[in-house]
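Novice: coords please:
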Amino acid sequence: MDSTVMTIFNQLTGQYTGSISAIQSGSIVLGKELFNCIALLSVGLLGIRHLLRKNVDMVESNIELIRWLIYLNVFYLFITQYDRFLPLIIDSFKQAGVYLGGQASGSYIMPTPSVFISNGFDIALKILSLGFKHSLLLNIAMALISVIAVIVILYCFGMIAIELVLIDIGSRIILAVGIFLLAFAGLSWTREYAEHYIHTFFHIGMKMLFMYVLIGIGAGLTSNWAQTLSNIQPNLVFQYVFAMVMATFVFYKLCQKLPDQAVVYL
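Specialist: Reported below is the predicted structural model:
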């Protein structure tokens, strides 16, 4: 695939990746300010509630206050140190997925959307070349089948690349925008929003884990397909093309469905 085309695609993804840090910084500032207001209100309400009670055990009240302050400090730390927690948690899931996928395929490669698109184009062009080279003058149907196979392969590889962009870049944007939701941990009747954000954090991590496992296995398998097509006999072109189309479609469906199913089940 032409390097200029890949440069355009990389520039697009790079633009969104570069904007994450700016979104993250703004959301952290907003989260800090909102947290300070909500936490101050929360501690004040807790103190008023204790004052209005009769026969309050001061030891028990102090223990409750300490617990609540620890709870608030955990969320405040998560807001202020988000740029450290993100690589620790999300990137750890990614690295685990790459490792497990590499264990299965024997190829420890960090898959990227541009690599997948380039690989899909190489396979598609090879199939198109074989279909027209061996069969155009003798069998128009074979040429037509080659075109259909190219369309299916390009679609599947393109959709896998999009899924990878969504989980790797889209999820980070969602998490970066939602950092301020952690500030709602300061009030008992709004802390559910903060807890849902934490759940989403691990939800995305688990989905990323399974996505990279599947893509790692598939990348190791499909990386040699273009070379394999160069060495087959003319009478076996149809069988190989059909097998690759079906394998690509299965690969695409696994990447599309299995990560979401795994998160639901687990």
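
Novice: Check the gap between Phe249 and Val115 for me.
Specialist: As judged by CB to CB, to the nearest Å, Phe249 and Val115 stand 20 Å apart. The way it works is simple: take the backbone N, C-alpha and C, and place the C-beta from them, glycine included.

Novice: Ala219: which element?
Specialist: With secondary structure defined by DSSP states H and E, Ala219 is part of helix 191-222.

Novice: which other helices and strands contact the helix or strand that comes right after that helix?
Specialist: Following helix 191-222 in sequence order, the next helix or strand is helix 225-230 (DSSP H and E). In terms of contacts (3 or more CB pairs under 8 Å, 6 or more residues apart in numbering; DSSP states H and E), helix 225-230 is packed against helix 113-135, helix 237-265.

Novice: Buried ones in helix 225-230, by neighbour count?
Specialist: By 16 or more other CB atoms under 10 Å, the buried positions in helix 225-230 come out as Trp225, Ala226, Leu229.

Novice: Where do the helices of the stretch 1-150 of the chain begin and end?
Specialist: 3-52, 58-80, 82-86, 92-105, 113-135, 140-165 (DSSP state H, counting those that start in this stretch).

Novice: out of these, nearest to Ile204?
Specialist: For the helices of the stretch 1-150 of the chain, the distance to Ile204 is smallest for helix 92-105, at 8.1 Å, taking CB to CB.

Novice: what number of residues lie near the residue nearest to Ala194 when sequence neighbours are not counted?
Specialist: Leaving aside its sequence neighbours, Ala194 sits nearest to Ala185 (CB to CB, 6 or more residues apart in numbering; 3.7 Å). Look at Ala185: counted by other CB atoms under 10 Å, it has 26 neighbours.

Novice: need the contact list for Ala185.
Specialist: Taking CB atoms under 8 Å, 6 or more residues apart in numbering, we find Ala185 in contact with Phe35, Ile38, Tyr71, Leu72, Phe75, Arg191, Ala194, Glu195.

Novice: ok, and the closest non-adjacent residue to the fifth one?
Specialist: Just to be clear, that refers to Phe75. Ala185 (4.0 Å).

Novice: I'd like to know how far the one you found sits from Glu33.
Specialist: With CB to CB as the criterion, Ala185 and Glu33 are 15 Å apart.

Novice: Please apply the same query to Val147.
Specialist: Counting by CB to CB - Val147 and Glu33 are separated by 58 Å.

Novice: Same check on Leu236?
Specialist: Applying CB to CB to Leu236 and Glu33 gives a distance of 67 Å.

Novice: who touches Leu166 in this structure?
Specialist: Applying CB under 8 Å, 6+ apart, no residues contact Leu166.

Novice: shouldn't Pro113 be in contact with Leu164?
Specialist: Yes - contact criterion CB atoms under 8 Å: Pro113 and Leu164 qualify, at 4.9 Å.

Novice: Can you read off the pLDDT for the residue nearest to the spatial centre of the chain?
Specialist: Nearest to the geometric centre of the chain sits Ile167, at 2.0 Å (CA atoms, centre = their mean). With respect to pLDDT, Ile167 has a value of 85.

Novice: go on, Cys37?
Specialist: pLDDT at Cys37 comes out at 87.

Novice: just curious, which of the buried residues of helix 225-230 is nearest to Gly44?
Specialist: Looking across those and measuring by CB to CB, the closest to Gly44 is Trp225, at 65.3 Å.

Novice: Met110: how many residues sit nearby?
Specialist: 15.

Novice: Touching, it and Val98? I think so.
Specialist: Yes - judged on CB under 8 Å, Met110 makes contact with Val98 at a distance of 5.7 Å.

Novice: pLDDT weak spots in the stretch 51-200 of the chain?
Specialist: 51-52, 54-61, 107-109, 131-139 (pLDDT under 70).

Novice: gap between Ala39 and Leu69?
Specialist: 9 Å.

Novice: ok, the two, which is more surrounded?
Specialist: The neighbour comparison of Ala39 against Leu69 (other CB under 10 Å) goes to Ala39, with 20 against 14.

Novice: wouldn't that one be in contact with Asn73 here?
Specialist: No - in this structure, Ala39 is not within contact of Asn73 by CB under 8 Å, at 9.3 Å.
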